[in-house]
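In: sequence below, structure please.
(one chain, ligands or ions: 2)
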Amino acid sequence: SLSFSRELHVVVLGAGGVGKSCLTAQFVHNEWIESYDPTIEDSYRTQVQVDGRQVILEILDTAGTEQFGMKSLPSSPTALPTNSRVVAMRDLYMKTGQGFLLVFSITSPSSLSELESLREEIIRIKDEENVPMVIVGNKADLEEGRVIPRAKGFAVSQKWGAPYYEASARTRTNVDEVFIDLCRQMLRKDDE
Ligand code: GDP
Ligand code: MG
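Out: Numbers count the residues shown, from 1 in each chain. Ligands and ions are numbered 1, 2, ... in the order given. Below you'll find the model as predicted:
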């Protein structure tokens, strides 16, 4: 029988330098690339099997504020940029996105708190609470540099009702798992 491959839109979000591009490259191309231009925002198409179903993923690897040569203010780590062009683009991909990888680094304390305002913005733009999301504590290979305890990631995950994974783009740990978990949530939602 013929069956259509479903196309699902994934958005990878998080502070600059947490490893969004490295995680995306590991998932899509199976390769570790030490450094990416932090200002580049790009999208990737890839086909995956999820529970026997063929899915086409359109993954947007966002570049956030670095793209425009801005840095969030250290005094207000949760503040989102207000530049109108950034806001308009973000609104658009938050509307289009069906699933969100919320990435922070276990070695950066502010990167977790920055996710809070991103999540609130997604919920506000989509005007619903039930949005497929996965919280990713990346750079888990850097245990000696850890500043966010695993329990803290779990606490946030409980509060937001989204699964939490610790991952490493460097060692390719839990890379497939986070994307597949997100796919499952998106498919479930799409089936409703
Ligand atoms: P982005 O700004 O969120 O896209 O971050 P990048 O993917 O460009 O990564 C930023 C920096 O962190 C680069 O120097 C990467 O080599 C490094 N990096 C990314 N992921 C990992 C990881 O899992 N472990 C380690 N040790 N370094 C990582
Ligand atoms: Mg990047």
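In: looking at this protein, which residue is nearest ligand 1?
Out: residue 19 (2.8 Å; CB to the nearest ligand atom). The C-beta positions use only the backbone N, C-alpha and C, and glycine is treated the same way.
In: can I get the lowest-mean-pLDDT helix or strand in the chain in CSV? Just the C-alpha atoms.
Out: Ranked by mean pLDDT, DSSP states H and E, the weakest helix or strand in the chain is helix 84-96, scoring a mean of 86. This file holds the C-alpha atoms of helix 84-96, laid out as CSV (Å, rounded to 0.1, in the frame of the first residue of the first chain):
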residue,chain,number,x,y,z
SER,A,84,12.2,43.8,15.3
ARG,A,85,13.8,41.7,12.6
VAL,A,86,14.9,39.1,15.0
VAL,A,87,11.5,39.0,16.7
ALA,A,88,9.7,38.7,13.3
MET,A,89,11.9,35.8,12.3
ARG,A,90,11.5,34.1,15.6
ASP,A,91,7.8,34.4,15.6
LEU,A,92,7.7,32.8,12.1
TYR,A,93,9.7,29.8,13.0
MET,A,94,8.0,29.3,16.3
LYS,A,95,4.7,29.3,14.4
THR,A,96,5.9,26.9,11.7
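In: wait, the residue of the chain closest to ligand 1 touches residue 140, no?
Out: No - between residue 19 and residue 140 there is no contact under CB atoms under 8 Å: 10.2 Å.
In: residue 62: neighbour count?
Out: Residues lying near residue 62 (other CB atoms under 10 Å) number 26.
In: from the middle of its chain, how far away would the least confident helix or strand of the chain be?
Out: 15 Å (CA atoms, centre = their mean, to the nearest Å).
In: next helix or strand past that helix?
Out: For helix 84-96, the succeeding helix or strand toward the C-terminus, using DSSP states H and E, is strand 99-105.
In: related to what we said a few turns ago, and the least confident helix or strand of the chain, what does it pack against?
Out: Counting contacts by 3 or more CB pairs under 8 Å, 6 or more residues apart in numbering; DSSP states H and E, helix 84-96 packs against strand 6-14, helix 109-126.
In: so what strands line up beside the first one?
Out: I take that to be strand 6-14. Sheet pairing for strand 6-14, assigned by DSSP bridges, gives strand 53-61 (parallel), strand 99-105 (parallel).
In: deepest in the core, which of the helices and strands packed on helix 84-96 is it.
Out: Highest mean neighbour count of the helices and strands packed on helix 84-96: strand 6-14, a mean of 22 (counted as mean count of other CB atoms under 10 Å).
In: quick one: contacts for the residue of the chain closest to ligand 1?
Out: Listed by CB atoms under 8 Å, 6 or more residues apart in numbering, the contact set of residue 19 reads 103, 105, 138-139, 169.
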